[in-house]
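Asks: When you get a sec, could you give me coordinates for this:
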Amino acid sequence: GCLLLQAVGTALLAFGSTPAQVLPALLLNGLGIGPSFPAGNALLTGLLSRPEQAPRAFGVQFTVINAGVGLGGLVAAVVVDLHRPVTFEVLFLACAVACLLQFLMLPPAAPPVHDEDADAPSYREVLSDPVFRRLCGVSLLFAMTGYAALDTGLPAFARVEGDVAPSTIGLVLTVNTVLIVALQLPALRWVQHWRHTRALAVAATIWALSWALLGVSQATVVVLLFGAVFGLGEVFLAPAMQPLINGLASDRLRGRYNALSGAMYSVAFVVSPALSGLLIGSGLGWLWISGLVVGSLAAAGMVLRLRRRLTPEQDGLLAAVF
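Replies: A predicted model of the protein is given here:
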């Protein structure tokens with residue numbers, strides 16, 4: 001369903017020439033994208049035969065997604081011409097076709113299994129899990145100090161504080177993507193015997209270092225180095241966060257666990273643009289950077305404290321020694 005909504009929404013973008021025409025297309029696209037990540041994470045977990053496969057599965061998934069992001073950006077850069085609107089139409093229609101191809105590639109659905117004695121799953125039941133509530137707080141901090149800040153705050157901060165060229169900002173994302181694709185699979189071997197909480201704490205600490213680096217200088221080489229260091233943190237995050245979330249969930253509640261944890265990222269992508277725009281636009285970029293450094297370190301501390309509330313299996317200690 002998500003993929004079909006994305007296909008329709010993206011196809012409609014090819015024919016939109018006014019805000020009134022584009023808004024429904026973007027709404028359909030958003031309705032398709034929002035639930036797709038929790039559904040995909042739950043599906044991927046359900047396809048695994050053993051829990052210890054989860055870090056590698058999510059690490060490979062993250063690598064493939066970033067490779068797609070990088071390849072898609074390159075294709076768009078080659079195809080799109082500002083003076084030829086038809087190039088945008090071709091790109092949007094190609095994206096719609098890609099969504100339909102993904103729909104056709106989905107594994108066949110298994111017959112539903114109903115337990116007559118089981119209660120219907122509910123979000124109230126999920127929120128009654130105190131460990132998961134704490135993990136949602138950790139996820140929100142990771143989202144606020146990670147992807148939401150990178151996506152919305154970095155371009156504004158680099159332009160306003162350092163007068164960094166737009167082309168350099170684009171190159172930062174390229175450096176970030178290339179590093180992730182190059183290091184994610186080797187990193188899976190590094191962290192395969194780590195606790196999930198240790199990997200998450202390392203990721204948050206590296207992000208704190210990357211933001212501090214960006215705050216010290218906005219010279220081109222430093223900004224590019226920021227993109228690489230930030231990407232290094234991501235390769236530790238990917239094999240740990242989703243396996244930890246799914247390790248807390250039962251099969252009956254798995255979809256709701258993934259949906260609520262994913263909602264933390266939706267909240268961050270609403271709050272972060274407003275917050276970063278307000279602070280950076282008011283000449284308080286240093287406060288924005290300081291908040292990201294402190295928030296990243298707070299996330300590391302929270303996840304290490306969470307370790308005491310987890311069973312060894314939930315924390316990925318099926319074969320871990322740290």
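Asks: could you give the mean pLDDT of stretch 45-54?
Replies: For stretch 45-54, mean pLDDT rounds to 84.
Asks: Over to stretch 135-146?
Replies: Mean predicted lDDT for stretch 135-146 stands at 95.
Asks: And for it, what's in contact with it?
Replies: 200, 203-204, 207-208, 211, 233-234, 237, 241, 244-245, 248, 260-261, 264-265, 267-269, 271-272, 292, 295-296, 298-299, 302-303, 306 (Cβ atoms under 8 Å, 6 or more residues apart in numbering). For the C-beta atoms, the positions are set from N, CA and C on the backbone; glycine is no exception.
Asks: Export only the CA atoms of that stretch, formatted as PDB.
Replies: In PDB, the C-alpha atoms belonging to stretch 135-146 read as follows (Å, rounded to 0.1, in the frame of the first residue of the first chain):
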ATOM      1  CA  LEU A 135      14.300   3.800  24.100                       C
ATOM      2  CA  CYS A 136      11.800   6.200  22.300                       C
ATOM      3  CA  GLY A 137      13.400   9.100  24.200                       C
ATOM      4  CA  VAL A 138      16.800   7.900  23.000                       C
ATOM      5  CA  SER A 139      15.500   7.600  19.400                       C
ATOM      6  CA  LEU A 140      14.200  11.100  19.600                       C
ATOM      7  CA  LEU A 141      17.500  12.500  20.700                       C
ATOM      8  CA  PHE A 142      19.300  10.500  17.900                       C
ATOM      9  CA  ALA A 143      16.900  11.900  15.400                       C
ATOM     10  CA  MET A 144      17.200  15.500  16.600                       C
ATOM     11  CA  THR A 145      21.000  15.400  16.700                       C
ATOM     12  CA  GLY A 146      21.400  13.200  13.600                       C
END
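Asks: what about the helix or strand hosting Ala67, distance to the chain center?
Replies: If you go by DSSP states H and E, Ala67 is part of helix 54-79. Averaging C-alpha positions (Cα atoms, centre = their mean, to the nearest Å) puts helix 54-79 12 Å from its chain's average.
Asks: Skip ahead from it and say which helix or strand is next.
Replies: helix 85-105.
Asks: in that next one, what counts as buried?
Replies: Phe88, Leu91, Phe92, Cys95, Ala96, Ala98, Cys99 (16 or more other Cβ atoms under 10 Å).
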